[in-house]
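Participant: Requesting a structural model of the entry that follows:
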Amino acid sequence: MTGGAPPKGEVRALLAALEGQRRHVMGILDGLDAEALRRPVLPSGWNCLGLVQQLALDVERFWFRAVVAGEKDLIHALDDSENAWQVGPGPAAADVLERYRHETDLADAVIACGGGAGVLPRDGTRLSTGGHAP
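Facilitator: Sure thing, here's the model as predicted:
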């Protein structure tokens, strides 16, 4: 396919596939308390909360908002980003989970707009980050 928005059926299929994967991730974590989400399960210190943060920042935010939508502010802020796999003691587990949900909503908005370069208005309008930093 060249140019133009993808067919509505392809957009629906992509959104459905992503929703299934996202539901799977959240389903695995459902019922874990904040302590369990932060508990290191590998010698590297990897934990479930780090996985969710990495999915929010390095997958949903990076690929959909920076790469597909080309959000300039986000692209310029990428060098300032820390290791998404590491969640410091500051953010509450619930906030990290909410950030993931929020980033998936923003990613879905990019997809629904048709994706590709120029998905955002050229007048500088951006997707609302709902109070989250880019």
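
Participant: Spit out the contact partners of A92.
Facilitator: Contacts for A92 (Cβ atoms under 8 Å, 6 or more residues apart in numbering) come out as A34. For every residue, glycine as well, the C-beta is placed using N, CA and C.

Participant: Helices along the chain, start to end?
Facilitator: According to DSSP state H, the chain carries its helices in the segments 8-29, 34-38, 48-54, 72-77, 93-112.

Participant: Tell me which of these sits nearest to W85.
Facilitator: Shortest separation from W85 across those is recorded for helix 48-54, at 4.5 Å, computed as Cβ to Cβ.

Participant: Looking at the helices of the chain, which is nearest to V87?
Facilitator: helix 48-54 (4.8 Å).

Participant: Can I get that closest one in PDB, CA atoms only?
Facilitator: This file holds the C-alpha atoms of helix 48-54, laid out as PDB (Å, rounded to 0.1, in the frame of the first residue of the first chain):
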ATOM      1  CA  CYS A  48       7.300  -6.500  36.600                       C
ATOM      2  CA  LEU A  49       6.900  -2.800  37.100                       C
ATOM      3  CA  GLY A  50      10.000  -2.100  35.000                       C
ATOM      4  CA  LEU A  51       8.500  -4.200  32.200                       C
ATOM      5  CA  VAL A  52       5.300  -2.100  32.300                       C
ATOM      6  CA  GLN A  53       7.300   1.200  32.300                       C
ATOM      7  CA  GLN A  54       9.400  -0.100  29.400                       C
END
